[in-house]
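Participant: I'd like to go over a predicted model; first the sequence, then the structure.
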Protein chains: 2
Amino acid sequence: MKLGRLNHIGVATPSLERSIAYYRDVMGATKIHEPFDLPAQGVKVCFVDTPGENGTAGTQIELIEPFDETSPITAFIAKNPAGGQHHMCYEVPDIHEAKAWFEAKGARVLGEPRIGAHGTLIFFVHPKDMNGVLTEIMETPKEAH
Amino acid sequence: MKLGRLNHIGVATPSLERSIAYYRDVMGATKIHEPFDLPAQGVKVCFVDTPGENGTAGTQIELIEPFDETSPITAFIAKNPAGGQHHMCYEVPDIHEAKAWFEAKGARVLGEPRIGAHGTLIFFVHPKDMNGVLTEIMETPKEAH
């Protein structure tokens, strides 16, 4: 497998509204997408675009707020009340091949591939097997490339 | 100020050597730069390239290992023995204008601009004022764009 594009950095926040204001007013973000709920993953999501080289799309910031108190990021927010960097997400051409690859490397894939925030199949890999970083693997959206 | 390119994600590690092997063997990175010491910042550094869109350079991973026990990342590694996401670094066209901008927003800039791992001026901003994320601001290298 070859390293794919760093699609986004997941940043957990106690308040999407406050984080959106921060990225707009302090960081000067000009492309902030419409927030939406992803109850199947237990989060509310908002993507912020960063510019890549030569007018290409850069790595996005994926702001995630707990959808409710059963959210998988509730414990992270309890430990980091201001929020913080939560995961890194890389693209792959084929999600099932990627799953087999990581499993063959002895990395713990957390559950079966499921639809993620960009509408393509994703899975997470355990941070203990991924250099300390909770890592999301997502299939590249077909229309974007 | 307009949001600049996400130059790199700083990932702290107890062992550059082990992290380099991970990015090469598990993640399939093909462009791993030569590690080097940055004693003024208290770290050993190794950049790993990720691909951007259409053949452009993507956001890099900046692996950082404590240079010695007085390193500013020693406490982070003590708290996260496997390492983990440490900071996010954005480019700006002018470092002094950026410092004045963040200070005017009430964000705590940590020290004066100094030479960073890419050879241009950088500063860090306090995570409490930056949506929970330790944020590095770096002047875009002249030759790279």
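Facilitator: Received the coordinates, thanks.

Participant: For chain B, see how far away residue A:1 is.
Facilitator: According to C-beta to the nearest C-beta, to the nearest Å, residue A:1 and chain B sit 4 Å apart. Quick note: C-beta positions are derived from backbone N, CA and C, even for glycine.

Participant: how deep is that residue tucked in, by neighbour count?
Facilitator: Per other C-beta atoms under 10 Å in any protein chain shown, the neighbour tally for residue A:1 reads 18.

Participant: can you check residue A:116 too?
Facilitator: 23.

Participant: Not counting residues beside it along the chain, what's closest to it?
Facilitator: Nearest residue to residue A:116, sequence neighbours excluded (C-beta to C-beta, 6 or more residues apart in numbering or on different chains): residue A:122, at 3.4 Å.

Participant: List the neighbouring strands of the strand or helix carrying that neighbour plus their orientation.
Facilitator: For residue A:122, the enclosing helix or strand under DSSP states H and E is strand A:121-125. In its sheet, strand A:121-125 lies beside strand A:109-115 (antiparallel), strand A:135-139 (antiparallel), with partners assigned from DSSP bridges.

Participant: quick one: average pLDDT of the longest strand belonging to chain A?
Facilitator: In chain A, taking DSSP state E as the definition, the longest strand is strand A:84-92. Here strand A:84-92 scores 98 as its mean pLDDT.

Participant: Downstream of it, the next helix or strand is which one?
Facilitator: helix A:95-104.

Participant: is chain B contacted by that next one?
Facilitator: Yes. Using C-beta under 8 Å from any C-beta of the partner chain, helix A:95-104 reaches chain B at residue A:102.

Participant: For beta bridges, what are the partners of the closest residue in space to residue A:98 that isn't next to it in sequence?
Facilitator: Sequence neighbours aside, residue A:92 is the residue nearest to residue A:98 in space, at 4.1 Å (criterion: C-beta to C-beta, 6+ apart). Taking DSSP bridges, one finds residue A:139 as the beta-bridge partners of residue A:92.

Participant: Show the contacting residues for residue A:92.
Facilitator: Neighbouring residues of residue A:92 by C-beta atoms under 8 Å, 6 or more residues apart in numbering or on different chains: A:1, A:4, A:98, A:137, A:138, A:139, A:140.

Participant: Verify the stated contact: residue A:44 with residue A:68.
Facilitator: No. Look at residue A:44 against residue A:68 with C-beta atoms under 8 Å: they stay out of range, at 9.7 Å.

Participant: could you pull out the strands for chain A?
Facilitator: For chain A, strands defined by DSSP E occupy the ranges A:6-12, A:36-38, A:43-48, A:60-66, A:84-92, A:109-115, A:121-125, A:135-139.

Participant: For the ones you listed, give me CSV that also has distance to residue B:49.
Facilitator: What follows is the strands of chain A, written out as CSV (distance: least, C-beta to C-beta, whole Å):
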stretch, distance to residue B:49
strand A:6-12, 10
strand A:36-38, 30
strand A:43-48, 23
strand A:60-66, 18
strand A:84-92, 13
strand A:109-115, 25
strand A:121-125, 21
strand A:135-139, 17
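
Participant: Pull the contacting residues for the closest residue to residue A:18 other than its chain neighbours.
Facilitator: Leaving aside its sequence neighbours, residue A:18 sits nearest to residue B:131 (C-beta to C-beta, 6+ apart; 7.9 Å). Applying C-beta under 8 Å, 6+ apart, we find residue B:131 in contact with A:11, A:13, A:18, A:19, A:22, A:23, A:82, A:83.

Participant: how about residue B:131, phi and psi?
Facilitator: phi 60, psi 30 (degrees, to the nearest 10).

Participant: Could you check the pLDDT of it?
Facilitator: 96.

Participant: ok, now residue A:145?
Facilitator: Model confidence at residue A:145, given as pLDDT, is 45.

Participant: just residue A:62 next, same as before
Facilitator: So residue A:62 comes in at 98 (pLDDT).
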